[in-house]
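# Here is my input; please provide its structure:
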Amino acid sequence: MPRKPVVGDDHRGQQYIDDILRGRIPSCLFVRQAVQRHVRDLERSKDPSFPYRFDEGKALKSIRFAQLLKHSKGIWAKRNENIRLEGWQQFIKWCLHGWIRKDNGCRRFRKSYIEVPRKNGKTTMAATEASDVFFLDGEAGAEIYCAATKRDQAKICWNEVRAQIMKQPSLRKRVDIYKTFSTIKQKGGDSIIRALGAESDTEDGLNPLLAIIDEYHAHKTADMVNVLESGMGAREEPLLYIITTAGSNRNGPCFQEERELAVRTLAGDGPDDFFCIIYTLDEGDEWDDPEVWIKANPNLGVSVKYEYLSSRVKQALASPRKQNDVKTKNFNVWCDSQTAWIGSEVWDACGGAVDPEALAGRNCFVGMDLANTDDLSSVVAVFPPVDLETDYQILARFYMPEDAIDEKSKKDKVPYALWRDQGYLTATPGNIIDQDFIEADLRSLADTYHVVATGYDPWNASQIVTHMKSEGMVMAAVRQGFATMSPMSKFFETLFTGKRLRHGKNPVLAWNAACVEVEQDSAGNIKPVKPDRRKTGRRIDGIVATIMALGLSMQDEGEEEDDGSLWVV
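Got it, this is the predicted structure:
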């Protein structure tokens, strides 16, 4: 017999709220914050000045509609069962459809960011959202897009929408389906549901009411999101619906822009019309501990089986190269590529705050890695620990020609413009790096701190070195071969693995750390290298500069013999 929604089955989202607040369901910080935000806003809505109110009827209408749809795959489809939204899924719909504006009754949330691992039913849930808006919103000429990097990927969600409609006769008779064009069209109207890939040449001129962005972590740029979001301007209550797993590109638009905004919003510092929830593990959780798996997998025991996760974990424990894949896809932990020298978790553990003003007057050592013309350049100051301190503190500065930022952002697939606006990247005028700006920063460092010495790669620093030497600064050439770089690199490795670095969460330096690999010669010497010298888009300048600065600090402390192999003054 088909499973039918039981009495009270459309109120499971309310039970979920209570279970999270009372700790009956283990949850991560971000989920607790999302639930607390909803509860807090219910109280705020009593204030006439708060622009939103909660309409339980609208929320229930959305949940009940979704649970009239049928499963399209697996054992539940074979049994012709209705979709039964779990508590966490109902909570999301409860918020998205229940919160409305007081002034016009339109939906409050115009954008949502939902991050959940694979196998948790996210495509099924996203598909119900498409049908909900298409059939229930009542807006003439509604345009709904299932979007992804490739049209084939976008069709996964679109096909789920189509299958759900096909299995519900009362909905099927209201549409025409054009499978060849991946389009569902309203009979007697102009509303459509369509699959859209980033490679499409028909993105401009769109007027979306709803845009579902599937697996946004795979998008290398924000172009598709920008086009769809900008096209929503004429709609009274549009919704940009981003649903994704974690990924390995922590410098792409998903992590750098949407996820970062979601984290800030959940912490209370974000836009009121942005709904967000992230299912992941908490810092300090062991990913191979079954007790915490439910934090990242809200559908554990339903669509995600313990046996499946246990098998995945056992494989990863036996084969370390699989660990990042399991952490990312099954536990929603953002990881860097498998070949990275410095894992993201290790680097993040060194992200303690650095106060530039508190370091004034302290001894520091500077490393400088300069670009030839229009690439990234870096200056890094390293402050050795004093008194009872144990950490080496890092201040990193980066430079790029202003006219090169847009092109380099596309080529390197990182948000240079965002980093510039945030103050992490200095844009020098023109299309070639202006070393006068770097010289000015070196002088500023020398004025504020006691710069013992500045290390540089002699390949491309002759102008700055000449100028700085004439002003009395100690400049040390650091050759980039194994003999020179190996002891410094090993010292750097000892510090970051021992959590004795503090980098202040500089995102450009974090990207460099994610890019860098280590090369080893037959004698066991190591040095930092780019992942593939034949490929562009991977920069390690800040890490190289950090290692050079640390090398100078080692020599100053007598940890290396001064045989002339490091310093050339």
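
# Now do the helix or strand of the chain with the lowest mean pLDDT: which elements does it pack against?
Comparing every helix and strand of the chain by mean pLDDT, DSSP states H and E singles out strand 517-520 as the least confident one, with a mean of 82. Packing partners of strand 517-520 (3 or more C-beta pairs under 8 Å, 6 or more residues apart in numbering; DSSP states H and E): strand 526-529. For glycine as for every other residue, the C-beta is placed from the backbone atoms N, C-alpha and C.

# Distance from the chain centre to the strand it packs on, please.
27 Å (C-alpha atoms, centre = their mean, to the nearest Å).

# picking that back up, and the contacts of the least confident helix or strand of the chain?
Strand 517-520 is contacted from outside by 339-341, 489, 493, 526-531, using C-beta atoms under 8 Å, 6 or more residues apart in numbering.

# Low-confidence ranges, the stretch 401-550 of the chain, go.
Applying pLDDT under 70 to the stretch 401-550 of the chain flags the ranges 522, 532-536.

# Pairing partners for the least confident helix or strand of the chain, with directions?
strand 526-529 (antiparallel) (DSSP bridges).

# which outside residues touch the partner strand?
341, 480-482, 485-486, 489-490, 493, 516-520, 540, 543-544, 547.

# Buried residues, the helix or strand where Gly551 lies. List them.
Using DSSP states H and E, Gly551 maps to helix 541-556. By 16 or more other C-beta atoms under 10 Å, the buried positions in helix 541-556 come out as 541-555.

# From Ala222, how far off is the residue at minimal distance from the centre of the chain?
The C-alpha lying nearest the average C-alpha coordinate of the chain belongs to Phe255 (C-alpha atoms, centre = their mean; 1.4 Å). Note on Phe255: its distance to Ala222, by C-beta to C-beta, to the nearest Å, is 11 Å.

# next one: Ile432
27 Å.

# between the two, who's got more neighbours?
Ala222 (18 against 14; other C-beta atoms under 10 Å).

# and the gap between the more buried one and Lys58?
Taking C-beta to C-beta, one finds Ala222 at 31 Å from Lys58.

# next one: Ala427
Distance, Ala427 to Lys58, using C-beta to C-beta: 46 Å.

# ditto for Gly455
63 Å.

# who's more crowded, the two?
Gly455 (30 against 18).

# does that one count as helix, strand or coil?
Using DSSP: H, G, I helix; E, B strand; the rest coil, the structure places Gly455 in strand.

# Next, the contact list for the residue nearest to it when sequence neighbours are not counted, please.
With C-beta to C-beta, 6 or more residues apart in numbering as the criterion, Gly455 has its nearest non-adjacent residue at 3.8 Å, and that residue is Met548. Taking C-beta under 8 Å, 6+ apart, we find Met548 in contact with 367-369, 455-457, 478, 488.

# so Pro26 touches Glu291, yeah?
Yes: with contact defined as C-beta atoms under 8 Å, Pro26 reaches Glu291; the gap is 7.2 Å.

# All the strands of the stretch 351-500 of the chain, residue numbers only.
Per DSSP state E, counting those that start in this stretch, the stretch 351-500 of the chain carries strands over the ranges 363-369, 377-383, 392-401, 425-428, 450-456, 475-477.

# so which of those strands gets nearest Thr245?
strand 425-428 (29.0 Å; C-beta to C-beta).

# does Thr426 really touch Phe398, like I thought?
Yes: using C-beta under 8 Å, Thr426 makes contact with Phe398 at a distance of 6.9 Å.

# Pick out whichever of the two has more residues nearby.
Between Thr426 and Phe398, counted using other C-beta under 10 Å, Phe398 has the larger neighbour count: 26 against 19.

# Kindly state the beta-bridge partners for that one.
According to DSSP bridges, beta-bridge pairing links Phe398 with Ser378, Leu425.

# Spit out the contact partners of it.
Here Phe398 is in contact with 376-378, 419, 424-426, 508, 541-542 (C-beta under 8 Å, 6+ apart).

# and with 6 Å instead?
Contacts for Phe398 were tallied using C-beta atoms under 6 Å, 6 or more residues apart in numbering; they are 378, 425, 508.

# just so I have it, where are all the helices in the stretch 351-500 of the chain?
Along the stretch 351-500 of the chain, the segments classed as helices by DSSP state H, counting those that start in this stretch run 405-412, 416-422, 435-448, 462-470, 482-497.

# To Ala147, which of the ones you listed lies closest?
Of these, nearest to Ala147 by C-beta to C-beta is helix 405-412, at 19.5 Å.

# would you put the C-alpha positions of the closest one in PDB?
Provided in PDB are the C-alpha atoms of helix 405-412 (Å, rounded to 0.1, in the frame of the first residue of the first chain):
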ATOM      1  CA  ILE A 405      42.300  42.100 -12.100                       C
ATOM      2  CA  ASP A 406      39.200  41.200 -14.200                       C
ATOM      3  CA  GLU A 407      41.200  39.100 -16.600                       C
ATOM      4  CA  LYS A 408      43.200  37.400 -13.900                       C
ATOM      5  CA  SER A 409      40.100  36.700 -11.900                       C
ATOM      6  CA  LYS A 410      38.700  34.700 -14.900                       C
ATOM      7  CA  LYS A 411      42.000  33.100 -15.600                       C
ATOM      8  CA  ASP A 412      42.900  32.100 -12.100                       C
END
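
# Just name whatever secondary elements it is in contact with.
Helices and strands touching helix 405-412, as assessed by 3 or more C-beta pairs under 6 Å, 6 or more residues apart in numbering; DSSP states H and E, comprise helix 416-422.

# 10 Å instead?
Other elements packing on helix 405-412 under the criterion 3 or more C-beta pairs under 10 Å, 6 or more residues apart in numbering; DSSP states H and E are strand 392-401, helix 416-422.

# got the angle between the longest one and helix 541-556?
Pointing back at strand 392-401 there. 140 degrees (axes from the mean of the first three to the mean of the last three C-alpha atoms, to 10 degrees).

# how much distance is there from strand 392-401 to the middle of the chain?
On C-alpha atoms, centre = their mean, the centre of strand 392-401 falls 22 Å from that of its chain.

# tilt between that strand and strand 363-369?
30 degrees.

# So for strand 392-401, what gets flagged as buried?
Within strand 392-401, the residues that count as buried by 16+ other C-beta under 10 Å are 392-401.

# who's in contact with Gly268?
The contact partners of Gly268, by C-beta atoms under 10 Å, 6 or more residues apart in numbering, come to 33, 36-37, 40.

# show me the contacts for Leu501.
Contacts of Leu501 (C-beta under 10 Å, 6+ apart): 346-347, 349-352, 382, 391-394, 492, 494-495, 546, 550.

# on that earlier part again, out of the contacts of Phe398, which comes closest to Cys146?
The nearest one, if we look at the contacts of Phe398 relative to Cys146 and count by C-beta to C-beta, is Val508, at 34.2 Å.

# Against Val414, how distant is the closest one?
From Val508 to Val414 the distance is 8 Å (C-beta to C-beta).
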